[in-house]
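S.K.: give me a 3D structure for the following:
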Amino acid sequence: MSPVQDPAEPGVTPPGRPLRAWQRSALARYLAAKPRDFLAVATPGAGKTAFALRVAAELLADRTITAVTVVTPTEHLKHQWAAAAASVGIALDPAFRNSTGSTSSDYTGIAITYAGVAAHPVLHRNRTETRRTLVILDEVHHTGDARSWGEGVREAFEGATRRLTLTGTPFRSDDNPIPFIDYVPDAEGLLRSRADHAYGYSEALADGVVRPVVFLAYSGTSSWRTSAGEEITARLGEPLTAEQTARAWRTALDPGGEWIPAVLAAADRRLTGHRNGGMDDAGGLVIATDQTTARAYAEILRDITGTPPVVVLSDEAGASDRIAAFSKSDDRWMVAVRMVSEGVDVPRLAVGVYATSASTPLFFAQAVGRFVRSRRAGETASVFLPSVPVLLGLASELEAQRDHVLGKPHRAAEEWNDEELAAANRQQDEPGEDEKSFTALHADAELDQLIYDGTSFSADEEDFIGLPGLLAPDQVRNLLSSRQKDWLSRPKASSPAAVPAAPPLPAERPQLTVREQLNKLRKELNTLVALQNHRTKKPHGMIHNELRTACGGPPTAMASIEQLEERIATLRSWR
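M.R.: Purely as a prediction, here's the structure:
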């Protein structure tokens with residue numbers, strides 16, 4: 001019987017967990033072709049590490065190779081790889097240093113970072129060429145992050161016996177070719193990366209390998225003051241300029257405002273729902289923009305939960321140990337910057353808060369990948385995020401398969417990138433004042449919509465925060481669709497022509513303040529816009545613009561009670 005047919009056959013491979021169907025298929029393809037280079041693209045959480053280690057075990061067993069080098073983007077991942085390799089009988093040294101240049105003969109190989117390779121490529125070239133080496137390039141798209149990384153990897157491993165490249169997100173927004181990957185012309189004549197085996201999120205979801213993800217998008221009104229003293233108010237999710245969106249987004253993420261505490265409190269309630277709904281050890285992760293806000297968010301969570309969360313900062317000693325300890329513990333929350341956004345394996349993470357201004361598809365996909373790993377059937381994941389067009393688009397396209405394309409414009413004109421957002425956050429109207437572009441004043445939060453399986457659903461926070469933690473993908477879809485129908489079946493208001501010219505008498509709503517009335521109407525309007533989006537597939541911003549054209553008046557954040565009521569009635573009449 002071949003090694004592929006019997007994963008546990010003695011003498012062929014070290015003992016380990018039986019391979020999943022996609023891993024067996026990829027392994028069979030690899031062993032049949034015996035390629036020098038092989039690119040495996042698999043969605044985060046699918047098990048790329050287990051596949052690669054099985055390949056290594058097979059090649060070591062038949063003496064095709066005698067050594068293994070694993071290259072990772074971060075220090076933490078070196079140790080994670082070494083631990084995983086040890087569990088299947090392959091000894092990797094994660095403490096290898098260029099200054100030493102060698103390691104104990106008891107090790108089969110080393111684990112090192114891309115930065116470490118780039119620092120001394122000749123050393124690693126010599127190591128690679130003096131023994132038959134399999135080089136595993138984990139999250140290989142990172143070799144495009146810095147030219148030195150790509151050049152260093154190419155120089156160091158050009159002479160490798162075998163190269164296995166792995167990624168969950170091969171696409172990039174630059175034109176730097178990824179080393180040891182084939183690019184082939186597509187229908188437009190552009191060079192597109194070619195995977196030797198691909199396993200996408202939609203396939204993994206159907207196989208039960210990953211969890212279904214429900215995105216909870218929070219809108220709200222943000223107010224800030226420019227350096228010129230002008231106060232501006234805007235609403236997340238509405239049509240805004242790049243600068244306005246960037247500043248409204250950044251204002252919402254300000255730990256001193258109301259948006260972050262409200263969203264963190266909702267996320268903690270959702271985490272409780274997961275724990276009460278079948279995931280007893282469910283954990284949550286807040287991804288922050290920088291270390292200062294990460295610490296501030298941790299203080300807010302401590303006030304909400306009564307317990308300090310685990311804080312992971314990449315430049316602090318013991319960060320990897322804290323991640324590992326959190327993974328094995330029953331702690332509720334971890335707060336981190338980018339260190340936990342990629343490759344880090346904490347399977348019990350079920351609730352995420354995307355509290356960062358990063359907007360590239362690459363970062364978003366890797367961040368969401370922290371929550372999708374499934375341990376048993378029925379587990380779901382919940383990710384909270386700002387209701388910003390670029391993020392809503394990425395959430396809707398979670399299942400889209402992307403390749404790295406050379407020579408193509410990075411984004412369409414209406415899309416965003418991190419550089420544009422950073423520029424918008426810098427001072428633009430007063431030359432010489434780059435440090436302080438504006439002052440955040442206020443931001444409130446309310447659930448705007450849910451996104452699941454590429455579809456937007458109307459949102460009622462209390463209804464959806466209490467979703468069970470254990471639901472199969474079809475159950476999630478059916479439940480959301482059922483609640484959507486409930487919204488659609490509610491009584492409709494009269495047409496715009498029947499709306500009274502004057503506001504209703506104060507006696508008709510004595511319990512509500514003006515602010516409460518405005519917030520209630522804005523929420524109802526946004527819910528109806530989400531429903532219209534679901535029916536017509538038009539972007540939310542386009543629907544808001546059509547309403548303003550039909551009814552007149554300012555943006556929603558500045559509209560009066562009467563104007564909001566007219567827009568609600570108008571939108572109901574469009575069904």
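S.K.: can you give the domain ranges for this protein?
M.R.: Domains of the chain are assigned by automatic domain parsing as 21-199, 211-483, 490-573.
S.K.: how far does stretch 357-365 sit from its chain's centre?
M.R.: 7 Å (Cα atoms, centre = their mean, to the nearest Å).
S.K.: typed the wrong thing, it's stretch 201-208
M.R.: 17 Å.
S.K.: just stretch 236-255 next, same as before
M.R.: On the basis of Cα atoms, centre = their mean, stretch 236-255 sits 19 Å off its chain's mean C-alpha point.
S.K.: what's the straight distance from one end of that stretch to the other?
M.R.: Counting by Cα to Cα, to the nearest Å, you get 17 Å between the two ends of stretch 236-255.
S.K.: buried ones in it?
M.R.: For stretch 236-255, burial by neighbour count (16 or more other Cβ atoms under 10 Å) applies to 236-240, 243-255. Yep, even glycine has a C-beta here, placed from its N, CA and C like the rest.
S.K.: mean confidence for it?
M.R.: For stretch 236-255, the mean pLDDT works out to 87.
S.K.: ditto for stretch 83-103
M.R.: 94.
S.K.: got a list of contacts for that stretch?
M.R.: Stretch 83-103 is contacted by residues 13-16, 49-50, 53-54, 56-57, 60, 68, 70, 78-79, 81-82, 104, 106-112, 116, 119-120, 123 when judged by Cβ atoms under 8 Å, 6 or more residues apart in numbering.
S.K.: and the residues you listed, which are buried?
M.R.: The neighbour count (16+ other Cβ under 10 Å) marks 13-14, 16, 49-50, 53-54, 56-57, 60, 68, 70, 78-79, 81-82, 107-112, 116, 120, 123 as buried among the contacts of stretch 83-103.
S.K.: helix or strand right after the top helix by length along the chain?
M.R.: Of all the segments of type helix in the chain, defined by DSSP state H, the longest one is helix 514-536. Later in the chain than helix 514-536, the nearest helix or strand by DSSP states H and E is helix 540-551.
S.K.: got the buried residues for the helix or strand following that next one?
M.R.: For helix 540-551, the following helix or strand on the C-terminal side (DSSP H and E) is helix 561-573. Under the neighbour-count criterion of 16+ other Cβ under 10 Å, helix 561-573 has 562-572 buried.
S.K.: do stretch 178-195 as well
M.R.: 178-181, 183, 191-195.
S.K.: same question for stretch 112-128.
M.R.: Across stretch 112-128, burial judged by 16+ other Cβ under 10 Å covers 112-118, 120-121, 123-125, 127-128.
S.K.: distance between the ends of that stretch?
M.R.: From its first residue to its last, stretch 112-128 covers 13 Å (Cα to Cα).
S.K.: quick one: low-confidence ranges for the stretch 401-550 of the chain?
M.R.: For the stretch 401-550 of the chain, the stretches with pLDDT under 70 are 401-436, 458-473, 477, 483-512, 534.
S.K.: again, only this time at 90
M.R.: Applying pLDDT under 90 to the stretch 401-550 of the chain flags the ranges 401-549.
S.K.: related to what we said a few turns ago, for the longest helix of the chain, name the packing helices and strands.
M.R.: strand 446-452, strand 455-457, helix 473-488, helix 540-551, helix 561-573 (3 or more Cβ pairs under 8 Å, 6 or more residues apart in numbering; DSSP states H and E).
S.K.: winner for burial among the ones you listed?
M.R.: Stretch with highest mean neighbour count among these: strand 446-452 (a mean of 25; mean count of other Cβ atoms under 10 Å).
S.K.: if we can go back for a sec, of all the helices and strands packed on helix 514-536, which lies closest to Ser202?
M.R.: Closest to Ser202 of the helices and strands packed on helix 514-536, according to Cβ to Cβ: helix 473-488, at 10.0 Å.
S.K.: picking that back up, any idea how far the longest helix of the chain is from the chain center?
M.R.: Remark: helix 514-536 is offset 27 Å from the chain centroid, using Cα atoms, centre = their mean.
S.K.: do stretch 321-330 as well
M.R.: Counting by Cα atoms, centre = their mean, stretch 321-330 comes out at 21 Å from the chain centroid.
S.K.: can you check stretch 105-115 too?
M.R.: 29 Å.
S.K.: span of that stretch from start to end?
M.R.: 24 Å.
S.K.: try stretch 227-240
M.R.: Distance between the boundary residues of stretch 227-240 (Cα to Cα) amounts to 20 Å.
S.K.: coming back round to it: which one among the buried residues of stretch 112-128 gets closest to Ala21?
M.R.: Tyr114 (30.9 Å).
S.K.: mind listing what the closest one touches?
M.R.: Taking Cβ under 8 Å, 6+ apart, we find Tyr114 in contact with 71-73, 142-143, 145, 149, 152-153.
S.K.: ok, 10 Å please
M.R.: Shown in contact with Tyr114 (Cβ atoms under 10 Å, 6 or more residues apart in numbering): 71-74, 137-140, 142-143, 145-146, 148-150, 152-153.
S.K.: now list the buried members of those.
M.R.: 71-74, 137-140, 142-143, 145, 149-150, 152-153.
S.K.: would you mind putting the buried residues of stretch 112-128 into JSON lines with pLDDT and distance to Pro309 alongside?
M.R.: JSON lines is the format used below for those (pLDDT from 0 to 100; distance: Cβ to Cβ, whole Å):
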{"residue": "Ile112", "pLDDT": "97", "distance to Pro309": "31"}
{"residue": "Thr113", "pLDDT": "94", "distance to Pro309": "27"}
{"residue": "Tyr114", "pLDDT": "93", "distance to Pro309": "30"}
{"residue": "Ala115", "pLDDT": "92", "distance to Pro309": "29"}
{"residue": "Gly116", "pLDDT": "95", "distance to Pro309": "31"}
{"residue": "Val117", "pLDDT": "96", "distance to Pro309": "34"}
{"residue": "Ala118", "pLDDT": "94", "distance to Pro309": "34"}
{"residue": "His120", "pLDDT": "96", "distance to Pro309": "38"}
{"residue": "Pro121", "pLDDT": "96", "distance to Pro309": "40"}
{"residue": "Leu123", "pLDDT": "97", "distance to Pro309": "40"}
{"residue": "His124", "pLDDT": "97", "distance to Pro309": "39"}
{"residue": "Arg125", "pLDDT": "97", "distance to Pro309": "44"}
{"residue": "Arg127", "pLDDT": "96", "distance to Pro309": "41"}
{"residue": "Thr128", "pLDDT": "97", "distance to Pro309": "42"}
